[in-house]
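*Asks:* Predicted coordinates and the sequence they were generated for:
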Amino acid sequence: MNRQEIEEAYQKDLEMQALITAIRKNRWPRNQTGHICNELTVSDNGIIQQGNRLVMPKKLRSHTLNIAHAQHQAANNSKILEPLKMTTMPFKPSQVIHGDVCGPFPSGDYLLVLMDKHARFPEVEIIRLTTTAVTIGKLEKIFSVHGFPIEFVSDEFN
């Protein structure tokens, strides 16, 4: 995936175009007056960012997660998988968060990927090291914005 593909997906995504207009004019629908509105910016090429993270158009979200997890899944083929079981859906966002680290990528960076089970919204942080201190620092940063989860699920952090 390259910048041109992302820009094209933005141009075709009506939701992203409406969000770009709201950010640029600072006019938000009444039901969207949360604190996140102040964190969003639009680059010169029309890509929305929340801090140093890209907000991906809906069409590219699955593809982005697949890219992030491709190397990680190949590295873990020999692991014993947790048995399949039914789980309940949380009543609201930020109650159950799934997390994982993937990489290293050619740049030497890793991705700390979190997914809210209720909202299905991915949160991705780029990290240089996978030490406990770095990981906890990033988790605390994310949780300070969205709230601390009741449950955190991961195959590597348990």
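*Replies:* Received, thanks.
*Asks:* Now the residue nearest the centre of the chain. Nearest residue, chain neighbours left out?
*Replies:* The residue at the geometric middle of the chain, judged as the C-alpha nearest the mean C-alpha position with C-alpha atoms, centre = their mean, is residue 123 (2.1 Å). Excluding its sequence neighbours, the residue lying closest to residue 123 (C-beta to C-beta, 6 or more residues apart in numbering) is residue 114, at 4.3 Å. C-beta: built from backbone N, CA, C; applies to glycine.
*Asks:* in what helix or strand does the one you found lie?
*Replies:* Using DSSP states H and E, residue 114 sits within strand 110-116.
*Asks:* Same check on residue 20?
*Replies:* With elements taken from DSSP H and E, the one containing residue 20 is helix 14-25.
*Asks:* ok so, going back, for the residue nearest to residue 123, the count of nearby residues, please.
*Replies:* Residue neighbour count, defined by other C-beta atoms under 10 Å, stands at 21 for residue 114.
*Asks:* Report the contact partners of it.
*Replies:* Applying C-beta atoms under 8 Å, 6 or more residues apart in numbering to residue 114 gives the contacts 97, 98, 99, 122, 123, 124, 125, 139, 142.
*Asks:* what about 7 Å?
*Replies:* 97, 98, 99, 123, 142 (C-beta atoms under 7 Å, 6 or more residues apart in numbering).
*Asks:* so when I look at the fourth one, I'm seeing a helix, right?
*Replies:* In other words, residue 123. No: when the secondary structure is assigned by DSSP: H, G, I helix; E, B strand; the rest coil, residue 123 falls in strand instead of a helix.
*Asks:* wait, isn't it in contact with residue 141?
*Replies:* No: counting by C-beta atoms under 7 Å, no contact exists between residue 123 and residue 141, whose distance comes to 10.1 Å.
*Asks:* where does this protein dip in pLDDT?
*Replies:* Of all residues in the chain, those with pLDDT under 70 make up the ranges 30-35, 69-87, 93, 156-158.
*Asks:* quick one, strands of it?
*Replies:* Defined through DSSP state E, the strands belonging to the chain, from first to last, are 40-42, 48-50, 53-54, 96-102, 110-116, 122-127, 151-153.
*Asks:* Output these in CSV, with distance to residue 133 appended to each entry.
*Replies:* As requested, the strands of the chain are arranged in CSV below (distance: least, C-beta to C-beta, whole Å):
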stretch, distance to residue 133
strand 40-42, 29
strand 48-50, 24
strand 53-54, 21
strand 96-102, 14
strand 110-116, 13
strand 122-127, 11
strand 151-153, 17
